[in-house]
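*Asks:* Got a sequence here, can you build the structure:
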Amino acid sequence: MITVYFVRIASDGARHETAVQTRPGRSLMDAASDAGLDGIAADCGGLLTCATCHVTVNEDWTEQLPPASNDEQAMLEFTAVLRHKNSRLSCQIQLTPALNGLSVQLPTTQY
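*Replies:* From the prediction side, this is the model:
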């Protein structure tokens, strides 16, 4: 099992972190969905046809991930909140043992 961390910043600035344990081979989106985590809508179920699983990857982890594909880059243009240089779609992040401890921030909304 590996642990990934989902961070939400509340409107008052408070930082809320949720640790999710999952097995390698799952997507980050699936790990969030399986855990019932609020903040990842995943409307298309990971088919790369929406942007409702948008996350911002902690900069300490961006180099550990493969680059976003052209299709993912195009879909990131449709995020509900401002896209950042380290924005990714969680359905496109396949979890490996090397990503144990990965930390991502959830946007304020997916719509």
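*Asks:* show me where the chain has helices.
*Replies:* All helices of the chain, identified by DSSP state H, fall at 28-34, 70-75.
*Asks:* May I see these arranged in a markdown table, with distance to A19, mean neighbour count and mean pLDDT as well?
*Replies:* The way it works is simple: take the backbone N, C-alpha and C, and place the C-beta from them, glycine included. Output for the helices of the chain, formatted as a markdown table (distance: least, CB to CB, whole Å; neighbours: other CB atoms under 10 Å; pLDDT from 0 to 100):
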| stretch | distance to A19 | mean neighbour count | mean pLDDT |
| --- | --- | --- | --- |
| helix 28-34 | 11 | 22 | 97 |
| helix 70-75 | 25 | 14 | 97 |
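*Asks:* TSV please, covering those and showing distance to T3.
*Replies:* Output for the helices of the chain, formatted as TSV (distance: least, CB to CB, whole Å):
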stretch	distance to T3
helix 28-34	10
helix 70-75	24
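*Asks:* Can you check which of those gets nearest to C91?
*Replies:* helix 28-34 (4.1 Å; CB to CB).
*Asks:* Return the distance of S69 relative to L89.
*Replies:* 10 Å (CB to CB, to the nearest Å).
*Asks:* So for those two, which residue has more residues nearby?
*Replies:* L89 (27 against 12; other CB atoms under 10 Å).
*Asks:* Span of stretch 74-94 from start to end?
*Replies:* This stretch, stretch 74-94, spans 19 Å end to end (CA to CA, to the nearest Å).
*Asks:* thought C50 was touching E72?
*Replies:* No. At 11.8 Å, C50 does not count as touching E72 under the criterion of CB atoms under 8 Å.
*Asks:* Good, we can wrap up now.
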